[in-house]
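>>> requesting a structural model of the entry that follows:
(chains A and B)
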2 protein chains.
Amino acid sequence: MKDINSKVLLISGHPDLSRSVANSEILKRLDTTSLFKIHKLDEIYPNYRINVQAEQALLTQADIIVLQFPLYWSTYPALMKLWFDEVFTYNFAFGPEGDKLKHKKVILSITCGATESSYQAGEFNFLPLEQYLQAAVHPIKAAQMEIVDTVITFEMNSTVDEGGNQNTVMQLAQQHVERLTSLFNQLNQPT
Amino acid sequence: MKDINSKVLLISGHPDLSRSVANSEILKRLDTTSLFKIHKLDEIYPNYRINVQAEQALLTQADIIVLQFPLYWSTYPALMKLWFDEVFTYNFAFGPEGDKLKHKKVILSITCGATESSYQAGEFNFLPLEQYLQAAVHPIKAAQMEIVDTVITFEMNSTVDEGGNQNTVMQLAQQHVERLTSLFNQLNQPT
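Modelled structure (predicted):
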């Protein structure tokens, strides 16, 4: 197996991991695997002032980028939207000289409070999740990056008032990490 | 004509109107019509710390809500996403007691730098814009609000380096305001 750990970057888009159950558990477990360099946007940018050059440099150095986020209104939270708005600039991610991210691999790693079956006509979320994710993946596709897979876990709801259960979320987080690790190990096989 | 001006609220989602051409021109022209109470998120929340109770109170008082924003990656900017993430809460906008916005009317007022024809397969934006907007309108639909119309102007690109022209944008902004005003006057007819 090649050692490509230094070129694998996980971007966490949760806006406040100190108040998170699912995402903080996933990141804690991933951190022990040393498979990913973990970059937490909420710790670095609590005031939503993105250092664009630093973020672009980090991306440029990575081969595989894992985007870890909870679904907020069926797409990433505002903090990760801001990261895309500011970092995926003309002549960096797109435009005549905008090939700096071309061919880099992307894994979407998503937690969702709702049930999978709620994403259909007649249910609370109206549409299949893939339809909502079109805007989320737009900058990724425009940058000519390759989305290799999406690891998503539904029903990760820890809010008791909204019918959630923290123990269930912890178990789902463990399974989520196992799926992500397994996917990553497949990608990391020598070719 | 009924006087419902006090119940019409325009939310501006541009993250920095001091650096905007199209959106600042549209808001300047709309302000002279006195048709809308204009609420600029970037002026009130430069540090992205939304006052949820104040925003919910404003929305509760309004009958018609105009959402004014530039397309950033084919949906609203992060600042407006944050506004939805934080303001459209459980038991306010959705959930068993979440009917506080039910039946309120929404107008989407959108500026877009790209051409309309770029929104199709094989072109830079890949898909029709309506497909990207599904996530943007998700909270609005979940809150049982009624989207009465979308006023959108394409090719509002004032960045010379990206092929834009500021004079053209100013003209398009005027036309955009005329379309919005005309739509609003139709809605405002006595029934």
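
>>> pLDDT on whichever helix in chain A runs longest, on average?
In terms of residue count, the longest helix belonging to chain A (DSSP state H) is helix A:166-187. Across helix A:166-187, pLDDT averages out at 94.

>>> elements contacting it?
helix A:22-33, strand A:64-70, strand A:105-111, strand A:146-153 (3 or more CB pairs under 8 Å, 6 or more residues apart in numbering or on different chains; DSSP states H and E). Where you see a C-beta, it was placed from the backbone N, CA and C, and this is true even at glycine.

>>> try 10 Å this time
strand A:8-12, helix A:22-33, strand A:64-70, strand A:105-111, strand A:146-153 (3 or more CB pairs under 10 Å, 6 or more residues apart in numbering or on different chains; DSSP states H and E).

>>> could you dump those into TSV with mean neighbour count, distance to chain B and mean pLDDT added?
Formatted as TSV, the helices and strands packed on helix A:166-187 follow (neighbours: other CB atoms under 10 Å in any protein chain shown; distance: least, CB to the nearest CB, whole Å; pLDDT from 0 to 100):
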stretch	mean neighbour count	distance to chain B	mean pLDDT
strand A:8-12	23	15	96
helix A:22-33	18	15	96
strand A:64-70	23	10	97
strand A:105-111	22	13	97
strand A:146-153	16	13	97
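
>>> spit out the contact partners of the closest residue to residue A:107 other than its chain neighbours.
Among residues not flanking residue A:107 along the chain, residue A:66 sits closest, at 4.6 Å (CB to CB, 6 or more residues apart in numbering or on different chains). Residues in contact with residue A:66 (CB atoms under 10 Å, 6 or more residues apart in numbering or on different chains) are A:8-12, A:30, A:35-39, A:105-109, A:151, A:180, A:183-184.

>>> in stretch A:79-97, what's buried?
For stretch A:79-97, burial by neighbour count (16 or more other CB atoms under 10 Å in any protein chain shown) applies to A:79-88, A:92-94.

>>> quick check: end-to-end length of that stretch?
With CA to CA, to the nearest Å applied, stretch A:79-97 spans 26 Å between its terminal residues.

>>> can you check stretch A:79-94 too?
21 Å.

>>> the longest helix of chain A to helix A:22-33, inter-axis angle?
With axes from the mean of the first three to the mean of the last three CA atoms, to 10 degrees defining the directions, helix A:166-187 sits at 40 degrees from helix A:22-33.

>>> what about helix A:166-187, distance to the chain center?
On the basis of CA atoms, centre = their mean, to the nearest Å, helix A:166-187 sits 13 Å off its chain's mean C-alpha point.

>>> the residue nearest to residue A:107 pairs with what?
With DSSP bridges applied, residue A:66 shows beta-bridge pairing to residue A:10, residue A:107.

>>> quick check: it vs residue A:178, distance?
Separation of residue A:66 from residue A:178 (CB to CB, to the nearest Å) stands at 15 Å.

>>> got it, and residue A:74?
Using CB to CB, residue A:74 is found at 25 Å from residue A:178.

>>> of those two, who's got more company?
residue A:74 (23 against 12; other CB atoms under 10 Å in any protein chain shown).

>>> contacts only, for the residue in chain A sticking out farthest from the centre.
Most distant from the centre of chain A: residue A:122, at 28.0 Å, with distances by CA atoms, centre = their mean. For residue A:122, the contact set (CB under 10 Å, 6+ apart) is empty.

>>> now residue A:29: closest residue in space, sequence neighbours ignored.
Excluding the flanking residues, the one nearest residue A:29 by CB to CB, 6+ apart is residue A:177, at 4.4 Å.

>>> now do residue A:126
Leaving out its chain neighbours, the residue that sits closest to residue A:126 by CB to CB, 6+ apart is residue B:141, at 6.3 Å.

>>> still on that earlier bit, of the buried residues of stretch A:79-97, which ones also sit close to chain B?
A:79-86, A:88, A:93-94 (CB under 10 Å from any CB of the partner chain).

>>> hmm, whichever strand or helix holds residue A:60 in reach of chain B?
Residue A:60 is part of helix A:52-61, with elements assigned from DSSP states H and E. No - applying CB under 10 Å from any CB, one finds helix A:52-61 separated from chain B by no less than 13.4 Å.

>>> from the middle of its chain, how far away would that helix be?
Centroid displacement of helix A:52-61 relative to its chain, using CA atoms, centre = their mean, is 17 Å.
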